[in-house]
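Peer 1: below is the structure, and that's it, no one-letter string:
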Ligand SMILES: Nc1ncnc2c1ncn2[C@@H]1O[C@H](COP(=O)(O)OP(=O)(O)OP(=O)(O)O)[C@@H](O)[C@H]1O
């Protein structure tokens, strides 16, 4: 299922947080949204997972404007792992994951099996009965990923999915998401992970897309210097060949 953003603009108190942002996530691909703090990544994703309505422009699923979908219909197709996913209530891990099945209520799917599989995929089956309040930050993040997986979406929107995860679990989470074969739009801070796991990346700065395309074409030293203010050297990964950035320092050091 293709996701398209067409000139999406979000204006708050006269300030454009997202400015005419246009991008396409082709069906089954993983696209990364990169950019400095405050550049508009989360705000853009919020428009996609319907927490926010753009002031101007359209988000489409398979060419059809999102607001033509009933909320439940888009929730059946799209799951989100967000910065605002709350886990402060005393639910068990299994209960939180089961919430992913709510949009599918009334279907004949075996919800129990689907939730068990989602927990297994993130390696947390042993914690099913634990209260989420007792989990570490990384464990919570993986529970939220399991909830999104339990939704069996065709589109996954991920806002910093590797937040709190150790390196092993960062690699696991991104490899898992890639393997699903669904359409993924993910805000990522780690440029090397983005280069390794994304088919394409879009770089935003001040709410605008400043570059987009395959990571090896986009993540150049000049781009990293101008957008992030960091001096980077780009070398091919010795095994995979994907671009790896070695950081020397900030441009104003
Ligand atoms: N409701 C709001 N009212 C006013 N300003 C807002 C609002 N929501 C977001 N902003 C501002 O919009 C800008 C973009 O925020 P956003 O969270 O989209 O950035 P981001 O690229 O996801 O940043 P980060 O990498 O720090 O998570 C920031 O300057 C933020 O303070």
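Peer 2: Nice, I can see it. A quick note: this is a predicted structure, and the numbers were derived from the prediction, not measured.

Peer 1: residues near the residue of the stretch 51-200 of the chain found nearest the ligand, how many?
Peer 2: Using CB to the nearest ligand atom, the closest approach of the stretch 51-200 of the chain to the ligand is made by residue 187 at 6.1 Å. C-beta coordinates here come from the backbone N, C-alpha and C atoms, glycine included. By other CB atoms under 10 Å, 24 other residues sit near residue 187.

Peer 1: so who does it touch?
Peer 2: Contact partners of residue 187, counting by CB atoms under 8 Å, 6 or more residues apart in numbering, are 32, 33, 34, 41, 42, 44, 45, 158, 159, 160.

Peer 1: try 7 Å
Peer 2: 33, 41, 42, 45, 159, 160 (CB atoms under 7 Å, 6 or more residues apart in numbering).

Peer 1: which of those residues tops the neighbour count?
Peer 2: residue 33 leads the contacts of residue 187 on contacts (other CB under 10 Å) with 29 neighbours.

Peer 1: right, is the helix or strand harbouring that one up against the ligand?
Peer 2: Using DSSP states H and E, residue 33 sits in strand 30-34. No - using CB under 6 Å from any ligand atom, strand 30-34 never reaches the ligand; the gap is at least 8.2 Å.

Peer 1: ok, residues contacting the helix or strand following that strand?
Peer 2: Sequence-wise, the next helix or strand downstream of strand 30-34 (DSSP H and E) is helix 41-48. Contact with helix 41-48 is made by 3, 8, 10, 17-18, 21, 33, 35, 52, 54, 59, 83, 157, 159, 185, 187, 204, as judged by CB under 7 Å, 6+ apart.
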